[in-house]
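Engineer: one predicted model, sequence on top.
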Amino acid sequence: MSDFRRNSAGYLANHMARLFAVGLSRRIQPLGLAPAQFMVLLELWEEDGRMQADLVAALDVEQATMANTLARMERDGLIERRASETDRRSRLIYLTDTARQVRAEAVAAAQAQNAVALGRFTEEEKTQFLDMMRWVIGNMRRE
C-alpha cells in the first residue's frame, strides 16, 4: 500500500465504509433490506412521519438519491407517503408494519457487523474511535 493510501483519511474511510456496507448488506439482505434503506429506517424508527427533505439533511445524501431509495422502499412495502395534516402540499414518510417488524433483526444484524469491525478494540479504544469518527463528520459538515 502506498504512503498516500496508508495515510489518507479519505481513502481509508472510503475503504472501511465499502467493506462495512458489504458486510451489512450480507447480514440484512435476508430481511429484504439494502444498506441505504437501513439508514433511512434508522431515522424513521427514531422519528416516524418525516419529510423527505429532513431525511436528506439527516443522512447527508443527494435529493435524487433519497428519492430513488424511498421509491424502492415504497415498492418493497417498507414506507408509505401521506399528505401532511398541516400542509396538504407536503407528503410525509411513514413506516409500514413490515418495516416495524424487521427493526429488531435489522438492528441486531448491524450490531453484529459493528462487533466484527470493532472486534479487536478495547472498550476505551471503541469509545475513542467512535468519538473521532463523529468529530470528523462534524468537521466535514462545517466545511
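Structural biologist: Thanks, I have the structure now. Computed from a predicted structure; not experimentally measured.
Engineer: where does pLDDT dip in the chain?
Structural biologist: 1 (pLDDT under 70).
Engineer: helices of that one, residue ranges please.
Structural biologist: For the chain, the helices defined by DSSP state H occupy 3-7, 9-28, 35-46, 52-59, 63-75, 97-101, 103-117, 123-142.
Engineer: list the buried residues in the fourth one.
Structural biologist: Applying a neighbour-count criterion of 16 or more other Cβ atoms under 10 Å, the buried positions in helix 52-59 are 52, 55-56, 58-59. C-beta coordinates here come from the backbone N, C-alpha and C atoms, glycine included.
Engineer: out of these, which one sits closest to residue 142?
Structural biologist: residue 58 (16.3 Å; Cβ to Cβ).
Engineer: as JSON lines, the buried residues of helix 52-59 with distance to residue 126 would be great.
Structural biologist: Putting those into JSON lines (distance: Cβ to Cβ, whole Å) gives the following:
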{"residue": "52", "distance to residue 126": "33"}
{"residue": "55", "distance to residue 126": "28"}
{"residue": "56", "distance to residue 126": "30"}
{"residue": "58", "distance to residue 126": "24"}
{"residue": "59", "distance to residue 126": "23"}
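Engineer: walk me through the domains of this structure.
Structural biologist: Domains of the chain are assigned by automatic domain parsing as 1-33+103-143, 38-101.
Engineer: circling back: out of the helices of the chain, flag the one nearest residue 90.
Structural biologist: If we rank the helices of the chain by Cβ to Cβ, the stretch that ends up nearest is helix 52-59, at 9.1 Å.
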